[in-house]
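Q: Give me the fold of what follows.
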Amino acid sequence: NISLSYDLTKRSTLGTSFYVGGSESNSKSTTISSNYLRGTIDKYSKSYAETENPYRKPEMSMVAYYHLKTDDKGSNLDVSANYSSSVNASLGTMEYASGVESREVVPYSRFKQNTTVDSYGYEFKGSYNHSFNDGSALESGYEFDASHLSNDFVRYDHNGKEYVKNEGSSNLFEYDEKVNALYMTYDREWSEVISTTLGLRAENTNVKGNQVSSNEKFNRNYWNLFPQLSLLIDLANGNHSIALDLSRSIVRPFYNDLNPFEIWTSENTYSMGNIHLKPMIYSDVDLSYRFLGDYIIGASYSYGSDAFSEYRFDVGNNTTVSSVANFGNEQSLSLYCNVEKVFFKGIWRMSLNAAADYDRAQGAIDGQDVSYKTWTGSAGIRNFFNISSKGGIRATLSYYYYTPLRGILRVGHHKHLLSASFSKEFKFGGTISVDAFNLLNYRPAYHYNTESYAYREKPQTNNISLQIRYTQKFGQSRVRGAQNRSNTNHLGRFKK
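A: Here you go, the predicted model:
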């Protein structure tokens, strides 16, 4: 990643960021299944899968931005344009074997599933923030986001001698999405006690999809309004304050949730998306009280309409399908508290948090009631260590715990997350950092059990990861500094 900036004048800056990267991986897995008939095992089966993700071409992101300070009160103009592209390939080979005895399974089917996903997107953002003499500020802006994705899926079946393309199970799916948005926010401090923020965002979304082999197309165009209201009552010079936030937001599905292809994961399981999936709309309320400067207690409520979730169902012949569907609505009530403390003159900063959540979902999928309600809890601690200000040595250590989460037709397990980081900044502008994630090797296991259907999923992979990063800054120190804006998320939903 490279980020550059140039001060055109004392009031204006021109900048650019460029990112290029890529990866290559290979994985092998074995799935063992036991099929029961009236309480007795009547068949054992094994599924062998090998998946290769070769490097096809670099993933790239480029952005250019312009910042102009229009007066001395804080008013400014900000304009940026971004382009991103990537190609991801997955070459999978699968083999099925079955038998009456667990030690005598015989291979009977072999095939390949090859997928190439070509995606690109571009976005434009322009905003103007005007500061008034009374200290209030008005910001307005426009955002345009366009994304395109082409998924070419080809299946080859082995006929005993060679692999032959299966035309009926191959397909090309194309997806385009464009979002235009206008927004405005107004901030004002009415007195030393009361301040507010009012905002409104209007979005128009246009989505087009085309499943080429079946000539199945869809086109959706819809508008959404997202109001925002924030109220802050500051008491006792900041030692006590009350905050109220009202907002509305949207959660669009990942591309994988829309992909209609049948991707087999074992002899009797496959996944497929749902092209009719709608986005979720959330309405949120948050009320919090800060006291003694370092302590926060609060409550939040969220209501989501057209909620969607992953679910599994039996289609017969001992075959289970994993898909995604809208089921109804979900509600969440959260009671939380946060504590922030500073020790040893800023050398050690600690943040503690805990929450209790009540979740309730109501709805049905394919006529089956999937409603549930449950209590969950979480707690965590995050430590920041400024080991040496002169030497530029810093470190972090974090731990979070979550009780088992509940979802549509699945129940999770206890989650323990531990991470740590260390960084060293050099006088010549270089910084090297080491980050370690999931040191307790949490694996996202799930289970579910009813009279008609049950499953248990327990991954065996090692999920501990280590990241080493080096950053170099150069140029004149008087320049305000380049900003890394290449890490945009407008293609993020294509990479679930």
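Q: pLDDT of the strand ranked longest in the chain, averaged?
A: When the chain is parsed with DSSP state E, its longest strand is strand 106-131. Throughout strand 106-131, pLDDT has a mean value of 91.
Q: For this protein, which helix or strand comes out least confident on mean pLDDT?
A: Ranking every helix and strand in the chain by mean pLDDT, DSSP states H and E puts strand 454-457 at the bottom, with a mean of 73.
Q: What does Asp257 show for phi and psi?
A: Dihedral pair for Asp257: phi -80, psi -20, per degrees, to the nearest 10.
Q: hey, what's the residue lying closest to it once chain neighbours are set aside bridged with?
A: Nearest residue to Asp257 in three dimensions, chain neighbours excluded: Val324, at 4.3 Å (CB to CB, 6 or more residues apart in numbering). (C-beta placed from N, C-alpha, C; glycine too.) Note on Val324: beta-bridge partners by DSSP bridges are Glu310.
Q: just Leu466 next, same as before
A: Assigned bridge partners for Leu466, using DSSP bridges, are Ala436.
Q: Gln368 too?
A: Ile365.
Q: related to what we said a few turns ago, could you give me the buried positions within the least confident helix or strand of the chain?
A: For strand 454-457, the buried set under the neighbour-count rule, 16 or more other CB atoms under 10 Å, is empty.
Q: picking up where we left off before, which strands and helices lie in contact with the longest strand of the chain?
A: Where contact means 3 or more CB pairs under 8 Å, 6 or more residues apart in numbering; DSSP states H and E, strand 106-131 is packed against strand 76-99, strand 137-158, strand 263-266.
Q: List the buried residues in the shortest one.
A: Buried residues in strand 263-266, counted by 16+ other CB under 10 Å: 263-266.
Q: go on, stretch 381-396?
A: For stretch 381-396, the neighbour count (16+ other CB under 10 Å) marks 382-385, 394-395 as buried.
Q: same question, stretch 70-84
A: For stretch 70-84, using 16+ other CB under 10 Å, the buried residues are 75-76, 78-80, 82, 84.
Q: Could you list the alpha-carbon positions for that stretch in CSV?
A: Only the C-alpha atoms of stretch 70-84 are listed here, as CSV (Å, rounded to 0.1, in the frame of the first residue of the first chain):
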residue,chain,number,x,y,z
THR,A,70,-12.6,27.2,2.8
ASP,A,71,-12.3,29.5,5.9
ASP,A,72,-10.7,29.7,9.3
LYS,A,73,-13.7,28.5,11.2
GLY,A,74,-13.4,24.8,10.2
SER,A,75,-15.4,24.8,6.9
ASN,A,76,-14.0,22.4,4.2
LEU,A,77,-14.7,20.7,0.9
ASP,A,78,-13.7,17.0,0.5
VAL,A,79,-13.9,15.1,-2.8
SER,A,80,-12.7,11.6,-3.6
ALA,A,81,-12.9,8.9,-6.3
ASN,A,82,-12.1,5.2,-5.9
TYR,A,83,-11.7,2.2,-8.2
SER,A,84,-11.2,-1.4,-7.0
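Q: what sits up against that stretch?
A: 11, 59-69, 120-133, 137, 485-486, 488, 490-491 (CB atoms under 8 Å, 6 or more residues apart in numbering).
Q: likewise stretch 123-136?
A: By CB under 8 Å, 6+ apart, stretch 123-136 touches 70-71, 73-82, 137-146, 186-189, 488, 490.
Q: who's in contact with the residue nearest to Asp257?
A: 253, 257, 273-274, 277, 308-311.
Q: One more pass at 6 Å, please.
A: Taking CB atoms under 6 Å, 6 or more residues apart in numbering as the criterion, Val324 is in contact with 257, 274, 277, 308, 310.
Q: any idea how far Lys373 is from the second one?
A: When you say that, I think you mean Asn274. 25 Å (CB to CB, to the nearest Å).
Q: Show me which of these two is the more surrounded one.
A: Asn274 (16 against 11; other CB atoms under 10 Å).
Q: Distance check, the nearest residue to that one once chain neighbours are set aside against Tyr311.
A: Computed as CB to CB, 6+ apart, the closest residue to Asn274 that is not its neighbour in sequence is Val324, at 5.2 Å. Going from Val324 to Tyr311 by CB to CB gives 7 Å.
Q: residue ranges for the helices of the chain, please.
A: 255-258 (DSSP state H).
Q: just for it, where's the confidence low?
A: Across the chain, the ranges flagged by pLDDT under 70 are 35-39, 41-42, 100-103, 238, 318, 450-454, 476-496.
Q: Return the alpha-carbon coordinates of stretch 423-441 using PDB.
A: The C-alpha trace of stretch 423-441 is given here as PDB (Å, rounded to 0.1, in the frame of the first residue of the first chain):
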ATOM      1  CA  SER A 423       4.800  -2.000  17.400                       C
ATOM      2  CA  LYS A 424       8.100   0.000  17.100                       C
ATOM      3  CA  GLU A 425       8.400   3.400  15.400                       C
ATOM      4  CA  PHE A 426      11.800   4.400  14.200                       C
ATOM      5  CA  LYS A 427      13.200   8.000  13.900                       C
ATOM      6  CA  PHE A 428      13.600   7.700  10.100                       C
ATOM      7  CA  GLY A 429       9.800   7.300   9.700                       C
ATOM      8  CA  GLY A 430       9.500   3.500   9.600                       C
ATOM      9  CA  THR A 431       7.100   1.500  11.800                       C
ATOM     10  CA  ILE A 432       7.100  -2.300  12.200                       C
ATOM     11  CA  SER A 433       4.200  -4.000  13.900                       C
ATOM     12  CA  VAL A 434       3.400  -7.600  14.800                       C
ATOM     13  CA  ASP A 435      -0.300  -8.600  15.500                       C
ATOM     14  CA  ALA A 436      -1.400 -12.000  16.800                       C
ATOM     15  CA  PHE A 437      -5.100 -12.900  16.600                       C
ATOM     16  CA  ASN A 438      -7.300 -15.600  18.100                       C
ATOM     17  CA  LEU A 439      -4.500 -16.900  20.300                       C
ATOM     18  CA  LEU A 440      -6.900 -19.300  22.200                       C
ATOM     19  CA  ASN A 441      -7.800 -20.800  18.800                       C
END
